[in-house]
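Trainee: A structural model of the following input is requested.
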Amino acid sequence: MNECACGAPRRKFWVWRDDNGVLHASGFQPTSGIVQAVIAATARDALLPVAERRAPKHQVHDADDRTKGWEGRCSTVLTAAAS
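Mentor: Presented below is the predicted three-dimensional model:
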């Protein structure tokens, strides 16, 4: 669970909203403004599905609900390479 299907290491990120309403992703838990905690390879991967509803490069999963996740674009590359 700590690796993407392509082998990229993943860790926990917290997506949080600052005082101006802008979303950020951080490897350190903020004291306030938390929107969601996710398991992702990078902060950008953590932010894309939550903030912009776009596909991340690597798989992202909700840290609290493992059934909720977003497939990474790398998975389509792996599938194409295996064909």
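Trainee: For this protein, just list every one of the helices.
Mentor: Under the criterion DSSP state H, the chain carries helices at the ranges 43-47, 73-82.
Trainee: and the first one, how far out from the chain's middle?
Mentor: Which is helix 43-47. Centroid separation for helix 43-47 versus its chain: 5 Å, with CA atoms, centre = their mean, to the nearest Å.
Trainee: Report all helices and strands that that helix contacts.
Mentor: The elements that helix 43-47 packs onto, with contact taken as 3 or more CB pairs under 8 Å, 6 or more residues apart in numbering; DSSP states H and E, are strand 11-17, strand 23-26. In this view, the C-beta of every residue, glycine as well, is placed from N, C-alpha and C.
Trainee: Now do the longest one, average pLDDT.
Mentor: This means strand 11-17. The average pLDDT for strand 11-17 rounds to 94.
Trainee: Need the residues that contact that strand.
Mentor: With contact meaning CB atoms under 8 Å, 6 or more residues apart in numbering, strand 11-17 is reached by 2, 23-30, 32-41, 43, 46-47, 50-51, 63.
Trainee: switch to 6 Å and redo it
Mentor: 23-27, 29-30, 33-40, 43, 46, 50, 63 (CB atoms under 6 Å, 6 or more residues apart in numbering).
Trainee: cool, and the last one?
Mentor: For strand 23-26, the external contacting residues (CB under 6 Å, 6+ apart) are 13-17, 43, 46-47, 51.
Trainee: circling back to that earlier point, of the helices and strands packed on helix 43-47, which approaches K68 most closely?
Mentor: With CB to CB as the measure, strand 11-17 is the member of the helices and strands packed on helix 43-47 nearest K68 (13.2 Å).
Trainee: What would that closest one look like as CSV? C-alpha coordinates only.
Mentor: Extracted C-alpha coordinates of strand 11-17, given in CSV (Å, rounded to 0.1, in the frame of the first residue of the first chain):
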residue,chain,number,x,y,z
ARG,A,11,3.4,8.6,1.9
LYS,A,12,0.8,10.5,3.8
PHE,A,13,0.0,14.1,2.8
TRP,A,14,-2.5,16.5,4.3
VAL,A,15,-4.5,18.7,1.9
TRP,A,16,-5.5,21.9,3.7
ARG,A,17,-7.0,25.3,3.0
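Trainee: Appreciated, that's everything.
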